[in-house]
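J.: Pasted the sequence and its predicted model underneath.
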Amino acid sequence: MYSIGEFSKKTGITIRTLRYYGEKGLLMPAYISDGGQRYYNDDNIITVQKIVTFKYLDYSLEHIGELLKKDDSLLQSLEHQKLQLQKKKKQLDQMISTIDTAIHIHQQSATVDPTTLLLVIHSLLTEDAQKDYLKQYVPEQLIDCMYSYLDMNFIEINRRYIESLHEIKQAFINPPSDTALAEIFKRLFNIIPLDLAQSLAQEFGKHANIELDNWLFSIPLTADEENWLIEQVERLKILEEIIT
């Protein structure tokens, strides 16, 4: 028999954790004295080894409790857990890739607004949902063409996008001449190739009163900045000049 202190040293599990496992029904002492002292035996060591192994495999304590009671379900559970870990690995790989992209954009941009950068990351993470949403209005072939172009030029496109939005925010605060303002807007709208922009505009033009989901397609501008942008683009006839 081992006292809880001795058992803690032998297994490397803290006394607090051993008590917690007991509360969860995962590890019951082999003997509890009249004074409430807990004692463990070698069978408890095997149980702790199982718990530690299951935790390493990323099982929840609730699931571990079920597995400790049903050894015959272990193989099926391991197969299921493998699928879950593969899914988590894919998510982690995507997160790492997204962070790497954000770092490259930050390094290559003259000015990076943190909010804009985070929204760019959010856009990358919701790309699949964006595609599904756009299928309501745009042919799938055109969607694939657009995202293929974005994927091939992602860092450069977003560098230009971030810098253009910074220029717009500055212009909203201190409006430049119309000539300079028009150049800022043209740099923004020329980020996507003209033929692709025209095709998208034609498809969206077939649907009245489209309101894009601002969760999937958020723009890092305040309502005042966005309204000002629309007013100035219309006043300067920027889109007409670009398309013609």
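T.: Yep, that arrived.
J.: distance of the residue located most distally from the centre of the chain from residue 3?
T.: Here the chain reaches farthest from its C-alpha mean at residue 34, the gap being 53.3 Å by Cα atoms, centre = their mean. Distance from residue 34 to residue 3, counting by Cβ to Cβ, to the nearest Å: 15 Å. (C-beta placed from N, C-alpha, C; glycine too.)
J.: what about residue 213, which SS state?
T.: Following DSSP: H, G, I helix; E, B strand; the rest coil, residue 213 is assigned to coil.
J.: Same question for the one 5 residues further on.
T.: Under the three-state scheme (three-state DSSP), residue 218 adopts coil.
J.: Nearest residue to it in space, please, no chain neighbours.
T.: Nearest residue to residue 218, sequence neighbours excluded (Cβ to Cβ, 6 or more residues apart in numbering): residue 119, at 5.4 Å.
J.: Quick check: the gap between the one you found and residue 216.
T.: Separation of residue 119 from residue 216 (Cβ to Cβ): 11 Å.
J.: Off-centre distance for the host helix or strand of the residue nearest to residue 218?
T.: In this structure, residue 119 sits in helix 114-125 according to DSSP states H and E. Distance of helix 114-125 from its chain centroid, counting by Cα atoms, centre = their mean, to the nearest Å, is 9 Å.
J.: Output the contacting helices and strands for it.
T.: When contacts are defined as 3 or more Cβ pairs under 8 Å, 6 or more residues apart in numbering; DSSP states H and E, helix 114-125 packs onto helix 74-108, helix 154-173.
J.: Much appreciated, bye for now.
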